[in-house]
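Asker: Have a look at this prediction, sequence included:
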Amino acid sequence: MAKLKTGRHTSAIKAWRKSEKLASKNRGVKTRIHDTAKEFGSLVAKKDIDSAQKMLPKTYSLLDKAAKSGTIHWKAAARKKSRLAARIKAIAQNPSVK
């Protein structure tokens with residue numbers, strides 16, 4: 001990085017740098033959520049209910065932490081949690097249905 005020149009746009013440069021760091025952090029959090037949800041989905045597809053239920057609290061935790069830090073909206077987290085629970089409930093009640 002070039003030497004930071006003092007002047008009118010110093011705060012803009014700092015803000016840009018901060019936004020880059022936050023975006024990177026948020027990207028990592030969202031990627032972890034996506035990967036975990038995908039793994040959960042594959043367990044549900046295999047009808048491995050026990051493993052899926054063990055994975056549910058971990059997934060919930062990731063979503064709650066992301067919502068708490070503002071990475072995702074709290075209603076988005078609630079919606080995703082609800083959909084995960086609905087999927088596991090559907091295969092628990094009727095194992096023949098996907």
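Answerer: Good, I have the coordinates.
Asker: tell me the contacts of the residue nearest to the spatial centre of the chain?
Answerer: Centroid-nearest residue in the chain: Ile33, 3.0 Å away (criterion: CA atoms, centre = their mean). By CB atoms under 8 Å, 6 or more residues apart in numbering, Ile33 lies in contact with Thr59, Leu62, Leu63, Ala66, Ile72, Lys80. (Each C-beta comes from the backbone N, C-alpha and C, glycine too.)
Asker: farthest-separated two in these?
Answerer: The most widely separated members of these, counting by CB to CB, are Thr59 and Ile72 (13.1 Å).
Asker: picking that back up, quick check on the contacts of Ile33: which are buried?
Answerer: Applying 16 or more other CB atoms under 10 Å to those, the neighbour count classes Thr59, Leu62, Leu63, Ala66, Ile72, Lys80 as buried.
Asker: who touches Ser11 in this structure?
Answerer: By CB under 8 Å, 6+ apart, the contact set of Ser11 is empty.
Asker: Give me the pLDDT value at it.
Answerer: At Ser11 the predicted local confidence, pLDDT, stands at 86.
Asker: sec struct for it, please.
Answerer: Look at Ser11: counting by DSSP: H, G, I helix; E, B strand; the rest coil, its state is helix.
Asker: Could you do Gly7 as well?
Answerer: Assignment for Gly7 (three-state DSSP): coil.
Asker: Could you count how many residues lie near it?
Answerer: Applying other CB atoms under 10 Å, we find 9 residues neighbouring Gly7.
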